[in-house]
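K.L.:
Here's my sequence, what's the structure:
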Amino acid sequence: MSAPPPSAVGPAVVVLLLFVVILARRTYLMVQGTRFSVGRLFAFAGFYVLLFVAFAFTTLYSALAFWGAVTYLLLVPYAAVPAAAALLAAPYVRRTVQFERRGDGAWYYRLSWHIPVLYLSLFIARTVAEVAVFGIAGILFAFPLPAPPSVAALLILVAVDLLFGFSLGLLLGRGAGVVRAHRDLPKDPASAPPPPLPRG
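P.N.:
The predicted model follows:
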């Protein structure tokens, strides 16, 4: 694959950094405490789903050159891994999420740092692996997508895709767990609220 022109590399770097900044900010807010909103929870999850689909398409399209129609069998783990992670994460988040009613009368929730930091880390790992195989401009601007240099490189991308799918499942499970925990909160304003979120 020939080197991409500088005019393509610059925007690619900006887009990748923007993705990382958005995910890092959301990770920070979920650890420190953020306002509960069903729409915000699942809008961000939808953004993450689109990223996963785009990255998976990149890998599967390239895999067709190596494996042909057998590539479609990868759709099974690509769907099963996020689903399994969501099923594992939802009850854990429901048990561990902390809520606080603040001065504006709204509920704020805070998560243990493990889940949001894990899916941010897996997003970065997946991006680094794809850049190493395709090149930074190739993964965002080239079509048809460049083929990986070897089957080994392709297998690395599939493995990291599945890790990213696991992080997507954690994110979806997080949303479901937070929503279910919010439904468990006392509806009577006179009821004692949950203890306030620890600062830090």
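
K.L.:
Can you list phi and psi of the nearest residue to V20 once chain neighbours are set aside for me?
P.N.:
Distance criterion C-beta to C-beta, 6 or more residues apart in numbering; nearest residue to V20, sequence neighbours excluded, is I124 at 6.5 Å. C-beta here means a position set from N, CA and C on the backbone, and glycine is covered the same way. According to degrees, to the nearest 10, the main-chain angles of I124 amount to phi -60, psi -40.

K.L.:
for this protein, longest helix please?
P.N.:
In the chain, taking DSSP state H as the definition, the longest helix is helix 151-183.

K.L.:
what about that helix, distance to the chain center?
P.N.:
Taking C-alpha atoms, centre = their mean, to the nearest Å, the mean C-alpha location of helix 151-183 is offset from the chain mean by 6 Å.

K.L.:
repeat for stretch 111-127
P.N.:
7 Å.

K.L.:
give me the number of residues near the residue nearest to V20?
P.N.:
16 (other C-beta atoms under 10 Å).

K.L.:
Do a quick rundown of the strands in the protein.
P.N.:
Under the criterion DSSP state E, strands of the chain are mapped to 34-35, 98-101, 107-110.

K.L.:
Quote the end-to-end distance of stretch 103-111.
P.N.:
By C-alpha to C-alpha, to the nearest Å, the extent of stretch 103-111 from end to end equals 20 Å.

K.L.:
quick one: contacts of that stretch?
P.N.:
30-36, 93, 96-102, 174, 178, 181-182, 185, 197 (C-beta atoms under 8 Å, 6 or more residues apart in numbering).

K.L.:
Name the residues of that stretch that come out as buried.
P.N.:
Neighbour counts over stretch 103-111 (16 or more other C-beta atoms under 10 Å) mark 108-111 as buried.

K.L.:
Output those residues in TSV; the columns should cover distance to I22.
P.N.:
Below are those laid out as TSV (distance: C-beta to C-beta, whole Å):
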residue	distance to I22
Y108	20
Y109	19
R110	19
L111	17
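
K.L.:
Determine which two of those are furthest apart.
P.N.:
Spatial extent of those (C-beta to C-beta) is set by the pair Y108 and L111 at 11.3 Å.

K.L.:
so where's the chain uncertain?
P.N.:
When residues are selected by pLDDT under 70, those of the chain lie in 1-12, 134-149, 188-200.

K.L.:
need the helices for this protein, in chain order.
P.N.:
6-32, 38-67, 75-96, 114-134, 138-141, 151-183.

K.L.:
name the helices or strands packed onto the second one?
P.N.:
The one in question is helix 38-67. Here helix 38-67 touches helix 6-32, helix 75-96, helix 114-134, helix 151-183, going by 3 or more C-beta pairs under 8 Å, 6 or more residues apart in numbering; DSSP states H and E.

K.L.:
Alright, that wraps it up for me.
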